[in-house]
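Q: Mind looking at a prediction? Sequence and model below.
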Amino acid sequence: MSPRRPKLATAPLPAYNLGNIQTGPARTDSATNGNDAMSKYLDNVKQYVENPNEVAVEALVGHLGLALHNRDASVVAANDPGELDSVRSGYCSKTLDLTPEQTDAAMATVLEKMKGDTAKCRVTFYYLLAQESDTMNRLAG
């Protein structure tokens, strides 16, 4: 019989503030629930779209899942060519089924819209890409 391993102490994961969006581990108090997190992403999308498709926002939040809990993964680094290539080859090509030309046009428009936002929320960025490329139906069915 092998000896029991001691339990390792774990530090809580950090939380990051992206304007009105709190990322990091989910809080367990009664004031925070899934709808509250969803409403934060929806509010961020509303900065750019007057009446966003809530089903599409919810689908994006579900699609991105745990990535939204990590600061680096929850934002799009628009000044990093590698990050933009990843969005092109992943989300735009596979999820939205865009051609390279459609992707470049949609990305240019979204980057221009969000140029004043230093921490570009990935949910909002992806939502705007779908809107600009007229492929919202791929998110909201």
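A: Right, received. Where do you want to start? Numbers count the residues shown, from 1 in each chain.
Q: And the pLDDT for the residue nearest to P52 when sequence neighbours are not counted?
A: The shortest distance from P52 to any non-neighbouring residue, by C-beta to C-beta, 6 or more residues apart in numbering, is to V45 (4.5 Å). Quick note: C-beta positions are derived from backbone N, CA and C, even for glycine. On pLDDT, V45 comes in at 96.
Q: shouldn't V45 be in contact with V57?
A: Yes. Assessed by C-beta atoms under 8 Å, V45 is found in contact with V57 at 5.6 Å.
Q: Who has more neighbours out of these two?
A: For the pair V45 and V57, the greater number of neighbours falls to V57 (25 against 22), based on other C-beta atoms under 10 Å.
Q: ok, back up a step: are there residues contacting both of V45 and V57? Which ones?
A: 123, 127 (C-beta atoms under 8 Å, 6 or more residues apart in numbering).
Q: low pLDDT regions in the protein?
A: Within the chain, the segments meeting pLDDT under 70 span 1-34.
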